[in-house]
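1. Got a predicted model here, sequence first, then my questions.
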Amino acid sequence: MKRIGLVLAVLLVAGAMVFGGGSSQPATPTLPSTTTVTVEMFDRGSDGGRSLAHDNAWTRWIQEKVKKDIGIDVTFQPVGRWTEQDDIVNLMASGSAPDLCYSYNTGMIGTFRDLGGVMDLAPYIDKYLPDLKKLLGDDPAYPGKDFIYRDQIQQNQGSLKAGQIFSIPNMRVSLAQRALFIRKDWLDKLGIAVPTNLNQYYAALTAFRARATELPGNLTQARVVPLGINEDTRWGLADFMDDSIRTNLSDRERWINVVAERNHALPGYKEGVRLMNKWYNERLLYQDFPLMTVTDDFYNQIKSGVVGSFLQNWDLPYRTDYNINAELARNVPNASFIPIDIGLRNRQTFDKPGLRMYIPSFSKNQEAALKYLNWLSKYENYHYLQVGEAGRNHTLVNGVPRTDPRPAGDPWFMNSSNNVDITMPLNGVLMETMEQSIRVLALSYGTTPADTIVNAYNTSIKNARAPVVTQYTPQVNQYTNTLADKSKAMLAQSIRAPTAQFDSVYDAAYRDWLASGAQEVINERSTLWPANRR
């Protein structure tokens, strides 16, 4: 962001008149009526059979239907997917950016906003974006609030006024985060029922170690890894450690005390780490996890057949780029991992926003941009763009579409997965019901049965909650990398410490973590939390 600021500062010296002031928007939703609009389009190049990002069968379909439906001529302006930051900075500074833009870089949009370069959308949502508002639905992080208002300014901040909205998030369809997996063939071999609580799960891990020689694959106690982890214990042990966090914490307490995405300051978290220390000293965890720094080495260990359980991304065993279950079964016939729910508390889903959509304040076609965005939010339009036509782009399987990729060079080849670059309000295929949406997602996992994927997804989100978010961005953020590194070391040292030394090791590392900037972050966050939120 420092680089963006420097680039903008140089470019805007000559182009300051382009951006103007950020508070000049009219108080009422009245905009000049125009019949043309230019829309940003990520350009991913020509590799893999892609066509021109801004001119292909899909963009021409949009142009024809938009003209017919709402009388607007659409032009797509390509912006390099991997050079977007530099491209958009130059386009914004020169006043030639598209009328409707999108980006995953929220910091960059914030810089544009602070320089007066982004339109305040708040006065126009109800009049121009009713279908987008309906499509995006509720905000899981703000009960009772519409998701379209996620980026609304909460209180006056310099030139920013409470109620203004300079960007609108698109909707991430799949919110599943992590899932706990266990070897079903090991459970069956030892006559153990699928665990449904933490005690049963612990008993299963203990049995895996004690009865290793009975397991398939010629295992011994020295080789078996009841619970596989790598050096990223923050992720691979998260649900176990988070289970001990007090469940009655307010959103305020959670947000203030989560620093650099680490939970050390949350009451009860230390006890979760203590449990992992106990399991480590009982040799239930992989003993050399700090040395497991290469992700593929971890995955290969799982595939080799020595790991009994792991906690990772909800779809990891089924992903065709890793082929964990498939290669495991080749190494150990009939072996497989299944997802299980053992009632762990404080589990999370991903947050709902994906990229952000915004309109430059200097655009001469702001009304047309709003109308196009709302047109794109209608089911008949985004649905066709996501799945195309049966027999050409998809095959119906039990009533839902399974995407059939077109060959390279085909006019209806999708340059991005399910045209995600075109369906601006959505990240992921959205059907008329969430059940159908997840089944469409499930059909993308090769030969793995769709029911298996649906079960893994539902297991991941069961009793999981959205992360706590707020509109405020703390300014004390210079410690993030240091605190992340110290957290990793703290967990590694504490988990591997002799049981009798756990408290002294953890407490000393925690004090150092606080003194290294975490306490300063906590102090600032306590002043930023909105007074009207609990």
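-> Received it, and whenever you're ready, just let me know what you need.
2. Neighbours of Trp513, how many?
-> Using other C-beta atoms under 10 Å, Trp513 has 23 other residues around it. Every residue, glycine included, has its C-beta placed from N, CA and C.
3. Hmm, it is touching Asp485, no?
-> No. Taking contacts as C-beta atoms under 8 Å, Trp513 lies outside contact range of Asp485: 10.1 Å.
4. looking at this structure, which helix or strand does the model trust least?
-> Scoring the helices and strands of the chain by mean pLDDT, DSSP states H and E places helix 2-19 at the bottom, with a mean of 45.
5. What is the subsequent helix or strand relative to that one?
-> Next helix or strand after helix 2-19 toward the C-terminus (DSSP states H and E): strand 36-43.
6. Report all helices and strands that that next one contacts.
-> With contacts defined as 3 or more C-beta pairs under 8 Å, 6 or more residues apart in numbering; DSSP states H and E, strand 36-43 has these neighbours: strand 73-80, helix 366-376.
7. Adding mean neighbour count and distance to Val306, write these out as a markdown table.
-> As requested, those are exported to a markdown table (neighbours: other C-beta atoms under 10 Å; distance: least, C-beta to C-beta, whole Å):
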| stretch | mean neighbour count | distance to Val306 |
| --- | --- | --- |
| strand 73-80 | 18 | 44 |
| helix 366-376 | 23 | 49 |
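8. a markdown table for the ones you listed, including distance to Leu121?
-> Formatted as a markdown table, the helices and strands packed on strand 36-43 follow (distance: least, C-beta to C-beta, whole Å):
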| stretch | distance to Leu121 |
| --- | --- |
| strand 73-80 | 19 |
| helix 366-376 | 8 |
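9. between these, which gets nearest to His383?
-> Closest of these to His383 is helix 366-376, at 11.1 Å (criterion: C-beta to C-beta).
10. How about residues contacting that closest one?
-> 31-37, 39, 66, 69-70, 72, 74, 99-100, 119, 121, 124, 128-132, 357, 359, 363, 381-382, 423-425 (C-beta atoms under 8 Å, 6 or more residues apart in numbering).
11. and the closest residue in space to Gln154 that isn't next to it in sequence, what is it in contact with?
-> Nearest residue to Gln154, sequence neighbours excluded (C-beta to C-beta, 6 or more residues apart in numbering): Gln471, at 4.9 Å. Contact analysis of Gln471 by C-beta under 8 Å, 6+ apart lists 150-154, 530.
12. Closest one of those to Val225?
-> Proximity of the contacts of Gln471 to Val225 (C-beta to C-beta) peaks at Arg150, which lies at 41.5 Å.
13. Could you say which helix or strand holds the residue most central in space within the chain?
-> Nearest to the geometric centre of the chain sits Phe350, at 5.2 Å (C-alpha atoms, centre = their mean). Assessed by DSSP H and E, Phe350 sits outside every helix and strand.
14. Got a quick ChimeraX command for the buried subset of the contacts of helix 366-376?
-> Those of the contacts of helix 366-376 that count as buried under 16 or more other C-beta atoms under 10 Å are selected in ChimeraX with:
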select :31,34,37,39,66,72,74,99,100,119,121,124,128,129,131,132,357,359,363,381,382,423,424,425
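15. At which residues are the helices of the stretch 251-400 of the chain located?
-> 251-257, 269-281, 295-304, 324-331, 366-376, 379-387 (DSSP state H, counting those that start in this stretch).
16. Quick check: mean pLDDT of the fifth one?
-> Confidence over helix 366-376, taken as the mean pLDDT, stands at 98.
17. Then the fourth one?
-> Here helix 324-331 scores 96 as its mean pLDDT.
18. What about the closest residue in space to Asn477 that isn't next to it in sequence, how many residues nearby?
-> Closest residue to Asn477 apart from its sequence neighbours, by C-beta to C-beta, 6+ apart: Val521 at 7.8 Å. Neighbourhood size, Val521 [other C-beta under 10 Å]: 24.
19. ok, back up a step: the helices and strands packed on strand 36-43: which one's closest to Pro407?
-> Nearest to Pro407, of all the helices and strands packed on strand 36-43, is strand 73-80, at 23.0 Å by C-beta to C-beta.
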